[in-house]
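Q: After the sequence you'll find the predicted model.
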Amino acid sequence: MNDRSILRFITVISLSGLALLFKKGSVKDWFLVFLFKSLLSTFLDIPVTEKRLVKYPVRYFPKYFKTNIVFDYILFPLTCVIYSQITYKWKPIQAILGVFLLSVPMTVAEEILNKKTNLIQYGKKWNWTNSFSYLTATFLASRFFITGIRFISERRER
């Protein structure tokens, strides 16, 4: 399977997963998580690619984007929604530990794509531990964000 085919496959899977936004719980909360993570990706991934720490040689719209828009604006935000849905009623320590259920497999998948394809290439100052830290931190940030929104919303309703 060539790199473009892999990218198309990931795109189809990602777009198909958008239905998960309407799964259990508050659709409003899941859209907020999705949009927050998309915004976070914009602020974090653009500088990473500008500094050439990570490159995406095979991507959609290379004239306009240096990042992988499928990952930044569909797949990763959607995965953050799934994480928030899974950990919705978990205690804080469980949610913190639960982040590894998604950040570990995503890091492994990214490392495989880095080694076997041109979908992602690490620069000299980037490796799988940076990706793992980035993924874990942004999952937690999205979870803390929606927890904060819920807290504020509940206080306003009292």
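A: Thanks, I have the structure now. Numbering: from 1, shown residues only.
Q: C-alpha only now, for contacts and for neighbours.
A: Noted.
Q: host element of T136?
A: Assessed by DSSP states H and E, T136 sits inside helix 128-157.
Q: Show me what the mean pLDDT comes to for that helix.
A: Mean pLDDT, computed over helix 128-157, is 94.
Q: Buried residues in it, which are they?
A: 131-132, 134-136, 138-147 (16 or more other C-alpha atoms under 10 Å).
Q: Might you list the low-confidence residue ranges for the chain?
A: 20 (pLDDT under 70).
Q: What segments of it are strands?
A: 54-55, 121-122 (DSSP state E).
Q: Now render those as CSV, adding mean neighbour count.
A: Converted to CSV, the strands of the chain look like this (neighbours: other C-alpha atoms under 10 Å):
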stretch, mean neighbour count
strand 54-55, 22
strand 121-122, 20
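Q: Reformat the ones you listed as a markdown table; add distance to I6.
A: Below are the strands of the chain laid out as a markdown table (distance: least, C-alpha to C-alpha, whole Å):
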| stretch | distance to I6 |
| --- | --- |
| strand 54-55 | 17 |
| strand 121-122 | 15 |
